[in-house]
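Peer 1: curious how this folds, go ahead:
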Amino acid sequence: MSKRILILMSETGGGHRASAEAIRDTFQVRYGTQFQVDMIDLWIQHTPPPLNQIPKTYRFLVNDAPWLYKFIYDIGEKPELLEPLMRVTATFLLPFVRGAIEDCHPDLIVSVHPLMQQITLEVLQHMKQVVPFITVVTDLITIPPVWFDPRVTLCFVPSEEGYALALRAGLRPSQLRQFGLPIRPAFAQKPPPKPTMRQRLGMLPDVKAVLIAGGGEGMGPVGEIAQAVAERLAARGQAVGQPAGQLVVICGRNLELQRELSAYAWPVPTIIHGFVENIWDWMIASDCIITKAGPGTIAEACALGLPIVLSGYIPGQESGNVPYVLKHGVGVYVTEPWQIAEVISGWFGPQEAILEQFAANARKLGHPQATFQIVEEIARLLDRTGPDLP
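Peer 2: Purely as a prediction, here's the structure:
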């Protein structure tokens, strides 16, 4: 009989869902039907109004009220304020979370969201249920204390910084594993040559490509950046008498942005997409990526040796990702669209050696096998006799 695994996530940005899906899909690839993996959005699917609307405020807060988002995030940095609130919330949500757990009857629970630890563990304790509980941290460097609860069976952290923060929060070394961020299983495969992938995707096979991505929600000045880069590459192409580059723009779930950019008269070959399932194909086909400092995108880019231009970050949770990219020499941080365009023009021209060095550094930093390592460790845990034996 298959062991049942319940993954807890929530739609606050695309990263948590992507991590949950990466773990679920890797279990399928690695073990087939040996495990039944269920994935639920605990807040949207299993809490009453108005709590079930909280995830939907994420995009508004990040785009239109970043000061308020930063204020809320800073509260999460203060356990003396957050922990009493989480205990009260757990008491209120007890019947709802209990119902979610009883519906699934899991042999093990995995959390990929910072607000799932304390509430779920409090509910399990009240239920007198002994179920192994795993935390997979999906923030890269700036990791709030709410991620860490010493009662967990295992906690997977993506970086040395995360490991140190977990120890400071009271977790034991025996509870910790450091493999990298969970990314989709496709990133663990050997990629085909870029010209081959470009041809498959309908791109010019022998022209360098830049991928511009706004995350799952299509956030940030994606359109302005894309237009500035296209104009600069067009000007350089005219000067050298051949195409200087091509663009792929991923708008995520931002349908308005997708419609706007699809109607634009691009001066260089450009492909516009909304949300895509095969983001690794477009990364493989590209020579660099322009993105905000989302941890998942950084991890995916490094797994494929893709140099990064960071165009912005969400205050709080993504603040530490910028110095991380700069420290390891895998990219640059530039916010003005015209300056980003100059960087890309240089990388695709006289500064190509810098692009190649960033690519080499990214390959060294990447952890393409991280999700397989996480999944295999969880599977080993389920083969043991007790949930408290990490």
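Peer 1: excluding its backbone neighbours, what's nearest residue 149?
Peer 2: Computed as Cβ to Cβ, 6 or more residues apart in numbering, the closest residue to residue 149 that is not its neighbour in sequence is residue 117, at 4.3 Å. C-beta here means a position set from N, CA and C on the backbone, and glycine is covered the same way.
Peer 1: separation between the one you found and residue 133?
Peer 2: 8 Å (Cβ to Cβ, to the nearest Å).
Peer 1: can you work out which residues contact both of those two?
Peer 2: Counting by Cβ atoms under 8 Å, 6 or more residues apart in numbering, the residues touching both residue 117 and residue 133 are 111, 152.
Peer 1: where do the strands sit along the chain?
Peer 2: Counting by DSSP state E, the chain has strands at residues 3-9, 35-41, 108-111, 133-136, 154-157, 176-178, 209-213, 246-250, 270-273, 288-291, 308-310, 331-333.
Peer 1: could you chop this structure up by domain?
Peer 2: Per automatic domain parsing, the structural domains of the chain span 3-183+369-382, 190-365.
Peer 1: which residues sit in contact with residue 261?
Peer 2: Contact analysis of residue 261 by Cβ under 8 Å, 6+ apart lists 222-223, 226, 249, 251, 272.
Peer 1: which residue packs closest to it, ignoring adjacent ones?
Peer 2: Looking at residue 261 with Cβ to Cβ, 6+ apart, the closest residue is residue 272, at 4.8 Å.
Peer 1: neighbours around that neighbour, how many?
Peer 2: Close neighbours of residue 272, defined as other Cβ atoms under 10 Å, add up to 20.
Peer 1: contacting residues for it?
Peer 2: 249, 251, 258, 261-262.
Peer 1: what about those, which one has the most neighbours?
Peer 2: Going by other Cβ under 10 Å, residue 249 tops those with 29 neighbours.
Peer 1: from what I can see that residue touches residue 209, true?
Peer 2: No. Look at residue 249 against residue 209 with Cβ atoms under 8 Å: they stay out of range, at 11.0 Å.
Peer 1: can you pull the buried residues of stretch 354-363?
Peer 2: By 16 or more other Cβ atoms under 10 Å, the buried positions in stretch 354-363 come out as 355, 358-359, 361-362.
Peer 1: which regions of the chain sit below the pLDDT cut-off?
Peer 2: 12-14, 50-79, 81-82, 216-218, 385-390 (pLDDT under 70).
Peer 1: tell me which residue lies farthest from the centre of it.
Peer 2: The centre of the chain is farthest from one residue, residue 241, which by Cα atoms, centre = their mean lies 39.2 Å away.
Peer 1: hey, which helix is longest across the protein?
Peer 2: helix 79-104 (DSSP state H).
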